[in-house]
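Chemist: have a look; sequence and predicted model below, questions after that.
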Amino acid sequence: MSENTAARSRLEELPDKEDKVIRLVTFNVNGIRTLFHYQPFSQMNQSLVNVFDYFNADIITFQELKTEKLSISKWGKVDGYYSFISLPTVKKGYSGVGCWVRMFPDDHPLHDSMKVVKAEEGITGCLSVKNGQEEIRYKDDQNIGIGGYNSLGYDNESEALHLDSEGRCVIIELACNMVIISTYCPANSTLTDEGQQFRIKFLKVLFKRIRNLESMGKKVVLMGDLNICRDLIDQAEALEVNGIRILPETTGNMIENEYPDLASSFILKPERVQRRLLNQIITDSFIADLSKNGCMIDTTRFIQSKKRLKMYTVWNTLKNTRSINYGSRIDFILLSSGYQNLIQNANILPQVMGSDHCPVYLDMKLPTDIASNIEIKIPRFEARYKYQLTHKNIFEMLKGTASNADESKVEMAPGFSESSNHSYKMTKGINKTSSIKSFFKVENKTAKKRTSLQGREILKRYANINSKRVIVNGQTTLAKVYGLSDAPLCKHGEKCVLKTSRTSSNYGKKFWACKRPKGESNNEDSSCDHFEWV
């Protein structure tokens, strides 16, 4: 597929939208480079313009970029879009949030409404941005900061900077008085007390900032991976553990009416404070008392209603649970409750691959009666300024003479200098038709020695394994390699797979298990839970 063809392709399942309607898309890509390993993105020449066009997105946010400043030029300079990217300052290649906003032509009805008037990195306003020759905090200059900094709840500036150190939030303000918050909330995947404290503090500060912005009369959109499952009906595992079966006619309301205590306890679990916090800021919590001061609409649930179940946005890749839709809903687009009349459509896109998450989108109207003569300067947090992408680097300057250069390899060139085993020499003369790779001669001093040693080691291991192989009906069975008998059959009548226990009491011990992914007990495609020790 050519680049032009890719750019014209659109996701067929997405509905058309009117000129005065914008589309917001959030997607935890779990590594922006990894996204381009999957169809249809693998045919898009690593072009974000093509990706955005595929979704027909006007505002799009990615979480877990997992990229670094050396590669930022590829993602920070996107034709036709403002780019705002926050990267972690400590954990390199971790986290990272990007938000891109379409630049509309002058004669488009949304041209004035969609102008970006301000932009910030982080949730506290304590980070600094370069303004002229000086660094200034967002909260200290009303011409730069969006506002809403009062009583956010952090203890001191050191804690505020820590909250904003992991590249988890980008905030932009549009000329139509709408603030877009793109975020990747902490998950505390290590299950530590410190991690949980950081997670809860981040959420409290974030939600307080939203309320402050609302009190200023601004419309607010919160979009991203919140890493919170708001309701019992939004988590397959919780339904399975509690023995709640989903039949074709089952709805969320039916489950909550039949199991009200379970639905409440799911939200109020003491060790799941994050669920309570989310239910306090939305307007339609199952526990009415929690949402009496709620100010945000869960747009996906608003459109799809609780009639729809299994509306999951993330799955366990290692257990292959996506194939049977056994997951959780933790990706959201929330909107200020006073503007629900702007909502046109909202849904998830589980058919889109490329990550363990799927995209979520919202189509909404925007006011178009904005003064067109307002002079607006591009915010200094825009990626071209933030990461100094307005200056060409040597690779861009040589593009004219390196038309055949492999872009991905050129981008990796600066990283070579980190290795002490490589040296570089400029070649004599430059051929105008040669690639950028020919400008440098790489000498690896230990490559031959290492290759020889590795080669002998691989041959030795292969010979050792090969001597143990047992061929049955033309196929090698792993069980025979280990000197074991043929795999037993599970309840499906299929051969089991060999696994290794990771529990402390039986660590390293091998067992047979059903090869199908874990899922609902009434799902024929799920594991039958067959288990037996070897």
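Modeler: The structure has been received and is ready for your questions. Residues are numbered from 1 along each chain as shown.

Chemist: shaky segments in the chain?
Modeler: Low-confidence segments of the chain (pLDDT under 70): 1-9, 371-373, 391-485, 502, 504-505, 507, 519-522, 526.

Chemist: mind giving me the domain split of it?
Modeler: According to automatic domain parsing, the chain is divided into the following domains: 3-149+163-186+220-227+330-386, 394-444, 487-534.

Chemist: tell me which of the ones you listed is the most buried.
Modeler: Compared across those, domain 3-149+163-186+220-227+330-386 shows the largest average neighbour count, a mean of 19 (mean count of other Cβ atoms under 10 Å). (Glycine included, C-beta is placed from N, CA and C.)

Chemist: now that one, how far from the centre of its chain.
Modeler: Domain 3-149+163-186+220-227+330-386 has its average C-alpha position 12 Å from the chain's average C-alpha position, going by Cα atoms, centre = their mean, to the nearest Å.

Chemist: before we move on, back to that, nearest to residue 281, out of the domains of the chain?
Modeler: With Cβ to Cβ as the criterion, residue 281 lies closest to domain 3-149+163-186+220-227+330-386 of the domains of the chain, at 7.6 Å.

Chemist: need the domains of the chain in JSON lines (columns: distance to residue 240).
Modeler: Below are those laid out as JSON lines (distance: least, Cβ to Cβ, whole Å):
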{"stretch": "domain 3-149+163-186+220-227+330-386", "distance to residue 240": "17"}
{"stretch": "domain 394-444", "distance to residue 240": "42"}
{"stretch": "domain 487-534", "distance to residue 240": "6"}
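
Chemist: check contacts around residue 374.
Modeler: Residues in contact with residue 374, defined by Cβ atoms under 8 Å, 6 or more residues apart in numbering, are 112, 115, 175.

Chemist: from those residues, which land in strands?
Modeler: Within these, no residue falls in strands by DSSP state E.

Chemist: what about the residue lying closest to residue 329 once chain neighbours are set aside, how many residues close to it?
Modeler: The spatially closest residue to residue 329, leaving aside those adjacent along the chain, is residue 234, at 4.0 Å (Cβ to Cβ, 6 or more residues apart in numbering). The burial count assigned to residue 234 is 22, neighbours taken as other Cβ atoms under 10 Å.

Chemist: verify the stated contact: residue 234 with residue 332.
Modeler: No: checked against Cβ atoms under 8 Å, the pair residue 234 and residue 332 is beyond contact range at 10.3 Å.

Chemist: coming back round to it: residue 205 is nearest to which of the domains of the chain?
Modeler: Among those, domain 3-149+163-186+220-227+330-386 sits nearest to residue 205 (Cβ to Cβ), with 5.5 Å.

Chemist: and the closest residue to residue 31 other than its chain neighbours, what does it touch?
Modeler: The shortest distance from residue 31 to any residue that is not its chain neighbour, by Cβ to Cβ, 6+ apart, is 4.3 Å, and that residue is residue 66. The neighbourhood of residue 66, defined by Cβ under 8 Å, 6+ apart, consists of 30, 31, 32, 33, 34, 93, 94, 95, 96.

Chemist: tell me the contacts of the residue nearest to residue 329?
Modeler: Residue 234 makes contacts with 311, 312, 328, 329, as judged by Cβ under 8 Å, 6+ apart.

Chemist: what separation is there between the first one and residue 231?
Modeler: Looking back up the chat, that one is residue 311. Remark: distance between residue 311 and residue 231 (Cβ to Cβ, to the nearest Å) = 11 Å.
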